[in-house]
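In: Sequence and predicted structure, then a few things I'm wondering about:
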Amino acid sequence: MLAQLSSTLGSLQLPLRISLAGGGSFDLGPDPRVTLEIQDPTLLQELTSPTLDKLGEAFIQQRLNIRGAIMDVIAVADRLSKSLLGDAPENAPQRSAHDKQTDADAIAYHYDLSNDFYALWLDPEMVYSCGYFHAPTDSLAKAQIQKLDHLCRKLRLKPGERLLDVGCGWGGLARHAAREYGVSVYGITLSKAQLQLGRERVQAQGLHGQVQLELQDYRDLKGQGQFDKVVSVGMFEHVGHANLNRYFAILHDQVKPGGLVMNHGITAKHTDGRQVGRGAGQFIGRYVFPHGELPHLAMAVSSMSDQGLEVVDVESLRLHYARTLEHWSANLEAQLERASQYVDDRALRIWRLYLAGCAYGFARNWMNIHQILAVKPLKNGQHHLPWTRADLYR
Ligand SMILES: C[S@@+](CC[C@H](N)C(=O)[O-])C[C@H]1O[C@@H](n2cnc3c(N)ncnc32)[C@H](O)[C@@H]1O
């Protein structure tokens, strides 16, 4: 089988070595930077049609080990996959039902993994979304603070205002907005682990009079027009296409007339939301973000508009997310031994592939990320936004 595979793959000229655990190896090109060590010989047959989800799955099942820098592994695996499978478009994905219990389970699976594990590779504020790099050499910590400021400035936060943070994570934005902009913040998450650490940090920083974090589903938010501003960062990827109108209707209801809503989230490349990446999206859906769904920007804007939110500003941060994920991946790769004290081997393999793979995917336009700012117009149709964006950059 190895000889047969060698003749099928030998012409690809990839910097890849394939070796069998029992002995034997062949190189697909000169100077192999990456080695795939086949632990299970039945995998050899599957290598003739190597989708990225199949390769990823073999890795997490320990049927395959990898040697080489993780970013090289992803790049070589993609070239292998592309050479043999081409770039045929994927089918439109199946949509999930998204009731409260499924969503709570999906969030617990990802975010309750281990606070210590996340703290190893996120920035000190534990912001788990795309940073904002003024220069590509900015550190991750700097880029995350710049991102928090970018959001707060776009929201034109003023002292004394009330901000709702939907999907607040470990509370980094809530604390920053309270401390630096003098607002009071109500943040919600579905993750118990996030809530616990987020609350501890609020207490430790003496912000408990200003910041309230709760375990709450966005569908359980009560009342109307209680907040001057609403922000949602890296959360609407969990909402699902079927619930998008309901989600934006809730954000609309929560904000006062004249108030601003910022939705910052990952968006699909194609307008019908079909995935790209020869199985990479399926891998993420199965092992990283169960029930995650990416709407296209057009779908998000259309849904916001239908719910009475007037879109006033849109910014793509795609390359910023590629850079952010490069930092996260490099931080994790540098501490694999410590990471293995916090999560099991399977989770560690999944998260290694996910971080490096998403860095690769954002850099190649497999998906995008947009900050969409909207206003809920006053009854007379007016709003009080500045005439230009100049105030954002002063
Ligand atoms: C990628 S994290 C982003 C966290 C934070 N906004 C940040 O930028 O660091 C997504 C967040 O959305 C929250 N979330 C997802 N679905 C939710 C739901 N149905 N209701 C409330 N929060 C939800 C998760 O609990 C998590 O805190």
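Out: Sure, I can see it. Being a predicted model, the structure only gives us computed values, none of them experimental. Residues are numbered from 1 along each chain as shown.

In: what sits against Ile372?
Out: Going by Cβ atoms under 8 Å, 6 or more residues apart in numbering, Ile372 touches Met262, Asn263, His264, Leu297, Ala300, Val301, Met304, Val311, Asp313, Val314. Yep, even glycine has a C-beta here, placed from its N, CA and C like the rest.

In: need the strands for the chain, in chain order.
Out: Here the chain has its strands, by DSSP state E, at 16-20, 25-27, 34-38, 64-67, 162-166, 184-189, 211-215, 227-233, 255-268, 310-316, 367-375.

In: sorry, back to before: closest one to the ligand out of the contacts of Ile372, please.
Out: Minimum distance to the ligand across these is 7.7 Å, recorded for His264 (Cβ to the nearest ligand atom).

In: so Gln194 sits right up against Gly169, yeah?
Out: Yes: in this structure, Gln194 is within contact of Gly169 by Cβ atoms under 8 Å, at 5.7 Å.

In: shared neighbours of those two, anything?
Out: Counting by Cβ under 8 Å, 6+ apart, the common neighbours of Gln194 and Gly169 are Tyr111.

In: okay but Ala268 is in contact with Ala300, surely?
Out: No: Ala268 sits out of contact with Ala300 when judged by Cβ under 8 Å, with a separation of 9.6 Å.

In: quick one: Trp121 from Pro32, how far?
Out: In this view, Trp121 and Pro32 are 28 Å apart by Cβ to Cβ, to the nearest Å.

In: Out of the strands of the chain, which is closest to Leu348?
Out: Closest approach to Leu348 among those is made by strand 64-67 (12.5 Å; Cβ to Cβ).

In: Just checking the distance from that closest one to the centre of its chain.
Out: Centroid separation for strand 64-67 versus its chain: 25 Å, with Cα atoms, centre = their mean, to the nearest Å.

In: Give me the buried positions along it.
Out: Going by neighbour count (16 or more other Cβ atoms under 10 Å), the buried part of strand 64-67 is Leu64, Ile66.

In: so what does it touch, helix or strand wise?
Out: Strand 64-67 sits against strand 34-38, helix 52-60, with contacts defined as 3 or more Cβ pairs under 8 Å, 6 or more residues apart in numbering; DSSP states H and E.

In: Quick one: closest of the ones you listed to the ligand.
Out: helix 52-60 (20.4 Å).

In: What pLDDT does the model give Ala88?
Out: At Ala88, the model reports a pLDDT of 69.

In: Please apply the same query to Ala92.
Out: pLDDT, Ala92: 72.

In: Surely it is in contact with Arg274?
Out: Yes: counting by Cβ under 8 Å, Ala92 touches Arg274, with 4.7 Å between them.

In: Between these two, point out the one with more neighbours.
Out: Arg274 (16 against 11; other Cβ atoms under 10 Å).

In: OK, contacts around the more buried one?
Out: By Cβ under 8 Å, 6+ apart, Arg274 lies in contact with Pro89, Glu90, Asn91, Ala92, Pro93, Ala268.

In: how about a cut-off of 10 Å?
Out: Applying Cβ atoms under 10 Å, 6 or more residues apart in numbering, one finds that Arg274 lies in contact with Pro89, Glu90, Asn91, Ala92, Pro93, Ala268, Gly281, Leu294, His296.

In: Okay, now stretch 207-220: how far is its last residue from its first?
Out: Stretch 207-220 has an end-to-end distance of 25 Å (Cα to Cα, to the nearest Å).

In: What are the buried residues along it?
Out: By 16+ other Cβ under 10 Å, the buried positions in stretch 207-220 come out as Leu207, Gln210, Val211, Leu213, Gln216, Tyr218.

In: The nearest residue to Phe236 once chain neighbours are set aside: how many residues sit nearby?
Out: Nearest non-adjacent residue to Phe236, counting by Cβ to Cβ, 6 or more residues apart in numbering: Gly265, 4.3 Å away. Here the number of neighbours of Gly265 (other Cβ under 10 Å) works out to 24.

In: next one: Ala75
Out: The number of residues packed around Ala75, counting by other Cβ under 10 Å, is 19.

In: gap between it and the ligand?
Out: For Ala75, the distance to the ligand equals 25 Å [Cβ to the nearest ligand atom, to the nearest Å].

In: quick one: contacts for that residue?
Out: Shown in contact with Ala75 (Cβ under 10 Å, 6+ apart): Leu14, Pro15, Arg33, Val34, Gly68, Ala69, Ala356, Tyr360, Arg364.

In: How about Gln101?
Out: Asp217.

In: next one: His241
Out: The contact partners of His241, by Cβ under 10 Å, 6+ apart, come to 93, 95-96, 98, 268, 272-273, 293-296, 299, 303.

In: and what of Phe227?
Out: Neighbouring residues of Phe227 by Cβ under 10 Å, 6+ apart: 161-165, 183-186, 221, 251, 253-256, 259-261.

In: if we go to 8 Å?
Out: Counting by Cβ under 8 Å, 6+ apart, Phe227 has contacts Arg162, Leu163, Leu164, Tyr186, Gln254, Val255, Lys256, Gly259.

In: Fine by me, thanks again.
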